[in-house]
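Q: Take a look and give me a structure for this.
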Amino acid sequence: MTETKQDKPKILMVDDKPENLIVLEKLLAPLNCDLYKATSGNEALSLTLENDFVLALLDVQMPGMDGYEVLEMMSWEERTRHIPVIFITANYADEQHKLKGYEYGAVDYLYKPINETILLGKIKVFLELHEKQMQYKQLQQRYQLILDAAGEGVFGTDTRGVINFINPAGAKMLGYPAEALIGQPFATMLHLNDEQNFSWDNSDFQKTCASGHTYHKGDDNFRRKDSTPLPVEYTASPLHDIHDDYIGTVVVFTDITLRKTVEEQLTHLALYDHLTKLPNRLLFEKTITQTIARARRHNRLMALMFLDLDHFKTINDTLGHDVGDLLLQGVAERLKECVRESDTVARLGGDEFAIILDEVDKIEDAAIIAEKILESLTPPFNLDGHEVFASTSIGIAVYPMSGDTSIALTKNADISMYRAKQQGRNNYRFFTSDMNEQSMQRLNLAHSLRRAVEQDQLYLCYQPKLNLKTGEVTGVEALLRWKHPHLGDIAPAEFIPIAEETGLILTIGEWCLQQVCQQIKTWQTDNIAINRVAVNLSSCQLVQGDLVNLVKTALSDSNLDSSCLELELTETSIMTNPTTSATILQDLHDLGVHISIDDFGTGYSSLGYLKSLPVDSLKIDQSFVHDIAEDPNDAAIVKAIIALAHSMDLTVIAEGVETEAQLQFLDDNHCDQIQGYYFSKPKAAADITDFLVNSAQQDPS
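A: Prediction:
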């Protein structure tokens, strides 16, 4: 039976003499208590098990079971051991009885005859104590209700960090029954961050609380029962006893999952463009600063590109803003495909984009990316039923040459972008103030070369080859030339390496094959005697997967016999990937195409390997021919090459023959053919036609 708020305090009176109980009852009547009477020890014990007594007045001298025995048996039961007991005895002067009573747990003594004032005074003290206890209990219950109803999680630990209580909300957040957490160490059960190295005694958490201060953390993780992290904000406050000694910690924590989600959404809205999902200007400015710092720290280059779509306003005005938005989204996707994951593509606003290239190896890398971007935007966009063509003008600034701060790089990239617009749009320009002029010319040349392919600025010349024994023209070599609209003729030595670096050599090489085959067919149709035409192949073409098919197609399109075509490859290009080269050369040779090794002697090929290749002729590089009449070393090398080639049944052709002395040396040493300015400069196709006609007319046969 539990005492309720309306119950009166209960007092138990125990005496074997009923008349004594009557006296006590009358004396206690003013106290407004419920009085219970027992005339024996057994009856008293039974009543204590059924009621919550505030106080027991227990006679010491009783037959059967005296007061000491009753008190001893009350101490055995959890329910009764805390009931205050006042002994009533007639042995006023017996000090031994008093000590014995206190030893058994009595709180006080009353002596017969009982003094009413003393009796009521002592009982009132216990009633007041009981009232305080009830108030404290009610306060505890109220606090427990508040704790249980709280939305925040609350748990407490002792000084060792062991959890000794947790409210339902906290247990629910963590996915545990509350009882499963009691007695568990906070560090291993809840704390997620740095858990393996977490030392409770040395933690900021414990040190702060032990010093009497509150510890707050706005963003941390606890661990749920399923081991997933629970984002929390928590405050840990120290607990002290009545002596102000630190006895533990109470932690109040809140699940901040929703808050973090909202914060992430707000951050994304603040830092990313809503249309393209690219970083916006704010995030771009933060990123460029970080990228420059990283490049400075690692002593590396980085590049900044500014891009502006050409004629975007016209598209917007003509097709509407919805189509314009779709175009911006499409452009954003293509731009992302052109760069590495470590690079940043941002939309600065309108039709302006920026690209941050993080730690590039060389300036040319930025040019390659720019070319890639221009190429990626070439195919039309299919937008809401409209076929839309887009292009862009790109300005490039490179750290540290074009500036070493974000402000300088941004300004210079913007300036160079407008220069690109002024120079025809759909192109790119580097900022040139502090850059090496030669590098700039090379980069601009690469850009111009792309235009050269598109605008038919490239053309072929043909240089005859002469049989030294018969004096007959054995064929011609097709030589690529470029006439720049502003710079004039550009030497192949300048633009061929650029074409190889940018990958344009594949397009140019295919074009050369087609042009040569068409020209051969034209000569054949016009009955111009031409034995064979040679075309140079680069190492890039040699390893491309469809070279054999490209040659087949070029021959087929012009309806030519394969024996009319000769392919020249440098020794170095073959040896770059000898296994692949051998396979491709064999396939080409099987077609009936003539194979020649160009610039022989400048590479490092194995003679044994060379013997296994399906080669028909060797061309001695002009660097050896130039001084053969004066330099014994060059003369010896040329003699050795001629002897080697003849031993392998190969035809020998000497390039760069310009003097009578060179010609005489080669003739004396049985070189098969020559090619060079001594005999003929490279000529346009029409001039070669006249040359061949004249040569045929002069032939005595």
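Q: so what's residue 411 closest to, chain neighbours aside?
A: The shortest distance from residue 411 to any non-neighbouring residue, by Cβ to Cβ, 6 or more residues apart in numbering, is to residue 403 (7.3 Å). C-beta coordinates here come from the backbone N, C-alpha and C atoms, glycine included.
Q: for the strand or helix carrying residue 367, what is the average pLDDT?
A: Assigned by DSSP states H and E, residue 367 belongs to helix 363-376. What helix 363-376 shows for mean pLDDT is 94.
Q: If we go by neighbour counts, what in it is buried?
A: Of all the residues in helix 363-376, those buried under the rule 16 or more other Cβ atoms under 10 Å are 363-364, 366-374.
Q: cool, and stretch 25-39?
A: Within stretch 25-39, the residues that count as buried by 16+ other Cβ under 10 Å are 27-28, 31, 33, 35-39.
Q: helix, strand or coil for residue 239?
A: strand (DSSP: H, G, I helix; E, B strand; the rest coil).
Q: I figured it hits residue 245, correct?
A: No - using Cβ atoms under 8 Å, residue 239 is not in contact with residue 245; the gap is 9.8 Å.
Q: The two: which has the busier surroundings?
A: Comparing residue 239 with residue 245 by other Cβ atoms under 10 Å, the one with more neighbours is residue 239, at 15 against 9.
Q: residue contacts, that one?
A: Contact analysis of residue 239 by Cβ atoms under 8 Å, 6 or more residues apart in numbering lists 156, 246-250.
Q: swap the cut-off to 7 Å and go again
A: Residue 239 is in contact with 156, 247-250, counting by Cβ atoms under 7 Å, 6 or more residues apart in numbering.
Q: Including pLDDT, secondary structure and neighbour count, could those residues go into CSV?
A: Formatted as CSV, the contacts of residue 239 follow (pLDDT from 0 to 100; DSSP: H, G, I helix; E, B strand; the rest coil; neighbours: other Cβ atoms under 10 Å):
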residue, pLDDT, secondary structure, neighbour count
156, 88, strand, 20
247, 88, strand, 13
248, 88, strand, 20
249, 88, strand, 24
250, 88, strand, 15
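Q: With distance to residue 591 added, can I get the residues you listed in TSV?
A: Shown next, in TSV, are the contacts of residue 239 (distance: Cβ to Cβ, whole Å):
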residue	distance to residue 591
156	88
247	94
248	90
249	86
250	88
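Q: and the two most separated of those?
A: 247 and 250 (10.6 Å; Cβ to Cβ).
Q: Can you list the low-confidence ranges for the stretch 301-450 of the chain?
A: For the stretch 301-450 of the chain, applying pLDDT under 70 flags the ranges 318, 433-440, 442.
Q: hang on, residue 209 in a strand?
A: No - secondary structure of residue 209 (three-state DSSP): helix, not part of a strand.
Q: I'd assumed residue 215 was in contact with it.
A: Yes - using Cβ atoms under 7 Å, residue 209 is in contact with residue 215, at 5.7 Å.
Q: any residues in contact with both of these two?
A: Common contact partners of residue 209 and residue 215 (Cβ under 7 Å, 6+ apart): residue 236.
Q: thinking again about what came up before, the residue nearest to residue 411 contacts residue 412, correct?
A: Yes - if you go by Cβ under 7 Å, residue 403 and residue 412 touch, sitting 5.4 Å apart.
Q: which neighbours do these two share?
A: Listed as contacting both residue 403 and residue 412 by Cβ under 7 Å, 6+ apart are residue 397.
Q: okay, the two: which has more neighbours?
A: Using other Cβ under 10 Å as the criterion, residue 403 and residue 412 rank with residue 412 on top: 24 against 21.
Q: Okay, and that one sits in which element?
A: Secondary-structure assignment from DSSP H and E places residue 412 in helix 406-422.
Q: and that helix with helix 363-376, angle?
A: 50 degrees (axes from the mean of the first three to the mean of the last three Cα atoms, to 10 degrees).
Q: Other residues contacting the helix or strand that comes right after helix 406-422?
A: With elements assigned by DSSP H and E, the helix or strand that comes after helix 406-422 is strand 428-430. Strand 428-430 is contacted from outside by 370, 394-396, 416, 419-420, 423, 440, 443, 447, using Cβ under 7 Å, 6+ apart.
Q: thinking again about what came up before, direction included, what does the helix or strand immediately after the helix holding residue 367 in the chain pair up with?
A: For helix 363-376, the following helix or strand on the C-terminal side (DSSP H and E) is strand 381-383. In the sheet, strand 381-383 lines up against strand 386-388 (antiparallel) (DSSP bridges).
Q: Could you list every helix and strand in contact with whichever helix or strand comes after the partner strand?
A: Using DSSP H and E, the helix or strand that follows strand 386-388 in sequence is strand 392-399. Under the contact criterion of 3 or more Cβ pairs under 7 Å, 6 or more residues apart in numbering; DSSP states H and E, strand 392-399 touches strand 301-309, helix 363-376, helix 406-422, strand 428-430.
Q: Need the CA coordinates for strand 392-399. CSV is fine.
A: Taking Å, rounded to 0.1, in the frame of the first residue of the first chain, the C-alpha atoms of strand 392-399 are listed here in CSV:
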residue,chain,number,x,y,z
THR,A,392,32.2,29.9,-77.3
SER,A,393,35.0,32.3,-76.9
ILE,A,394,37.6,31.3,-74.4
GLY,A,395,40.1,33.5,-72.5
ILE,A,396,42.9,31.7,-70.6
ALA,A,397,45.2,33.1,-67.8
VAL,A,398,47.9,30.9,-66.4
TYR,A,399,49.3,31.1,-62.9
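Q: contacting residues around stretch 466-473?
A: Applying Cβ under 7 Å, 6+ apart, the external contacts of stretch 466-473 come out as 464-465, 474, 666-667, 671-674, 679, 692, 695, 699.
Q: Out of those, list just those in helices.
A: Among those, DSSP state H puts 666-667, 692, 695 in helices.
Q: Just the buried ones from the residues you listed, in PyMOL syntax?
A: Under the burial definition 16+ other Cβ under 10 Å, those of the ones in helices among the contacts of stretch 466-473 that qualify are selected in PyMOL by:
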select buried, resi 666+692+695
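Q: could the ones in helices among the contacts of stretch 466-473 go into CSV alongside pLDDT?
A: CSV is the format used below for the ones in helices among the contacts of stretch 466-473 (pLDDT from 0 to 100):
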residue, pLDDT
666, 95
667, 94
692, 84
695, 75
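Q: closest to residue 204 among the ones in helices among the contacts of stretch 466-473?
A: Residue 204 has its nearest neighbour among the ones in helices among the contacts of stretch 466-473 in residue 666, at 87.8 Å by Cβ to Cβ.
Q: Spatially nearest residue to the closest one, not counting backbone neighbours?
A: Spatial nearest neighbour of residue 666, chain neighbours left out: residue 654 (5.2 Å); criterion: Cβ to Cβ, 6+ apart.
Q: What is the neighbour count of that neighbour?
A: Per other Cβ under 10 Å, the neighbour tally for residue 654 reads 29.
Q: residues in contact with it?
A: Counted by Cβ under 7 Å, 6+ apart, residue 654 has contacts 620, 625, 666, 671, 674.
Q: let's see 8 Å
A: Residues near residue 654 by Cβ under 8 Å, 6+ apart: 619-620, 625, 638, 662, 666, 671, 673-676.
Q: now that we have these, which one has the most neighbours?
A: Busiest of the contacts of residue 654 [other Cβ under 10 Å] is residue 620, holding 29 neighbours.
Q: and the closest residue to residue 384 other than its chain neighbours, what element?
A: For residue 384, ignoring the flanking residues on the chain, the nearest one in space by Cβ to Cβ, 6+ apart is residue 323 at 5.5 Å. Assessed by DSSP H and E, residue 323 sits inside helix 321-337.
Q: What of residue 219?
A: Following DSSP H and E, one finds residue 219 within strand 215-223.
Q: and that strand, what other elements does it pack with?
A: On a contact count with 3 or more Cβ pairs under 8 Å, 6 or more residues apart in numbering; DSSP states H and E, strand 215-223 meets helix 204-210, strand 229-240.
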